[in-house]
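Peer 1: Return a 3D structure for these sequence lines:
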Amino acid sequence: MAKAKQWSDLSRGQQVRGIVTGVIQLALATAAWTDLAKRDADDVNGRKWIWAIVIAVNFIGPISYFLFGRRVD
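Peer 2: Below is the predicted model:
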């Protein structure tokens, strides 16, 4: 079985990509959770607590919330 790579085993480019990806993920999730918290329940498609959990799913959750979770008039 292959040994899992350690942070120090990664190249500088791989480390930078990992950090950038993590920052983007956190920014998307933070923006989605902030929007969800400020929105009335009537302006959300579905239950707010379910969207709060969905948003935690990597990139798919926040993007799904912005595309399908909000009612835009």
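
Peer 1: Point to the residue nearest the middle of this protein.
Peer 2: Nearest to the geometric centre of the chain sits A29, at 3.7 Å (C-alpha atoms, centre = their mean).

Peer 1: all helices for this structure, in order.
Peer 2: Remark: helices assigned in the chain by DSSP state H are 12-38, 48-54, 60-64.

Peer 1: Dump the ones you listed to TSV, plus mean pLDDT and distance to R70.
Peer 2: Placement of C-beta: from N, CA and C, glycine included. Below are the helices of the chain laid out as TSV (pLDDT from 0 to 100; distance: least, C-beta to C-beta, whole Å):
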stretch	mean pLDDT	distance to R70
helix 12-38	97	7
helix 48-54	97	9
helix 60-64	96	11
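
Peer 1: Of these, flag the one that's most buried.
Peer 2: helix 60-64 (a mean of 17; mean count of other C-beta atoms under 10 Å).

Peer 1: Now do that helix: which elements does it pack against?
Peer 2: helix 12-38 (3 or more C-beta pairs under 8 Å, 6 or more residues apart in numbering; DSSP states H and E).

Peer 1: Just send the helices of the chain back as JSON lines, with distance to K5 too.
Peer 2: Listed next are the helices of the chain as JSON lines, based on distance: least, C-beta to C-beta, whole Å:
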{"stretch": "helix 12-38", "distance to K5": "9"}
{"stretch": "helix 48-54", "distance to K5": "30"}
{"stretch": "helix 60-64", "distance to K5": "24"}
